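Visitor: 3D model of this:
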Amino acid sequence: MPEKIKAPAGEEVVLLAHASGSQIYTCQQGADSKYAWTLKAPEAELHDAKGAVIGKHYAGPTWKHNDGSEVAGKAMAKVDSPDANSIPWLLVGVVSHSGDGALSRVTSIQRINTHNGQPPAAADCNAAKLNTEVKSSYTADYYFFAPGK
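Guide: Okay, the predicted model is just below:
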């Protein structure tokens, strides 16, 4: 595990979920008048080790477990994926909780083992495609951490 995205000391894995879905990008014009794909939101299902759907991941970024517990987070650190065609690996700090369940105690989340999910080529975002949305399929593993008991 890259040092930069290791979970804080004293935290332990309380849930592992495999995500499959899309990263949604929108063609936007920046302050510099250049066009670029910007991340709008993820849209993915979360699966347990047996492949059963246990929740979803969506804008926020937010992770919602089928038991009703939910966390939203903010990226704290990132490293490039070992696969250049895949989105970065992240360490996310949880900024809010709701509901009671599997995610209630979660304080940080790692996104690793990413596969695909990159935006289209920059040249594909131009004035003609302003505000166009595209979905880029991806998979990743999410490790949910909470303080050790």
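Visitor: Is residue 93 bridged to anything, and to what?
Guide: residue 74, residue 108 (DSSP bridges).
Visitor: Tell me where the protein has helices.
Guide: Counting by DSSP state H, no segments of the chain form helices.
Visitor: Distance of the residue lying farthest from the centre of the chain relative to residue 43?
Guide: No residue in the chain sits farther from the centre than residue 128, which is 28.7 Å out by CA atoms, centre = their mean. Per CB to CB, to the nearest Å, residue 128 is found 25 Å from residue 43. Every residue, glycine included, has its C-beta placed from N, CA and C.
Visitor: neighbouring strands for the longest strand along the chain, and are they parallel or not?
Guide: Criterion DSSP state E: the longest strand present in the chain is strand 11-29. According to DSSP bridges, strand 11-29 forms sheet pairs with strand 35-47 (antiparallel), strand 133-147 (antiparallel).
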